[in-house]
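Colleague: From the sequence below, what's the structure:
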Amino acid sequence: MSYYAEHYHNLKKLVRPKGTTHAKILCDDKKKGFTPIKDFDVFQGVSGTVTFLKEKRGGTYVELGKMYFDGVWPIREKEEK
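Modeller: Predicted structure coming up:
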């Protein structure tokens with residue numbers, strides 16, 4: 001599988017609100033990060049609270065939801081026992 005196909009499938013596993021265009025992370029040590037959702041893999045190895053955003057006209061953002069991200073990328077599906 002090519003890098004681009006693998007990246008696309010990993011991004012599909014990320015549960016996020018519909019219409020998400022950007023993600024913002026607030027790390028446990030109070031540092032911040034911001035990226036377009038297609039580049040979510042830059043948060044690999046960083047744990048914290050991720051806020052999903054939608055960009056509106058005029059460069060404003062609307063918050064769509066939050067989740068705790070443990071820094072593990074790609075997201076693995078839970079194994080059944």
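Colleague: Nearest residue to the spatially most central residue of the chain in space, please, no chain neighbours.
Modeller: Centroid-nearest residue in the chain: Phe40, 4.5 Å away (criterion: CA atoms, centre = their mean). Distance criterion CB to CB, 6 or more residues apart in numbering; nearest residue to Phe40, sequence neighbours excluded, is Ala23 at 5.7 Å. All C-beta spots, glycine's among them, are computed from the backbone N, C-alpha and C.
Colleague: so which strand or helix has the one you found?
Modeller: strand 22-27 (DSSP states H and E).
Colleague: So which residues of the protein form helices?
Modeller: 3-13 (DSSP state H).
Colleague: so how far is Phe69 from Gly48?
Modeller: 6 Å (CB to CB, to the nearest Å).
Colleague: who touches both of these two?
Modeller: Common contacts of Gly48 and Phe69 (CB atoms under 8 Å, 6 or more residues apart in numbering): Ile25.
Colleague: Please enumerate the strands of this protein.
Modeller: 22-27, 32-36, 48-55, 61-69 (DSSP state E).
Colleague: Show me the beta-bridge partners of Lys54.
Modeller: Val62 (DSSP bridges).
Colleague: Could you check how many residues crowd around it?
Modeller: With neighbours defined by other CB atoms under 10 Å, the count for Lys54 comes to 16.
Colleague: Please apply the same query to Ile37.
Modeller: Neighbours of Ile37 (other CB under 10 Å): 15.
Colleague: Pretty sure it sits against Thr21.
Modeller: Yes. Ile37 lies in contact with Thr21 (CB atoms under 8 Å); the separation is 6.0 Å.
Colleague: For Glu63, see how far away Lys54 is.
Modeller: Taken as CB to CB, the span from Lys54 to Glu63 is 8 Å.
Colleague: ok, now Phe52?
Modeller: 7 Å.
Colleague: Neighbour count: the two, which is higher?
Modeller: Phe52 (24 against 11).
Colleague: so that one sits right up against Phe69, yeah?
Modeller: No. With contact defined as CB under 8 Å, Phe52 does not reach Phe69; the gap is 10.8 Å.
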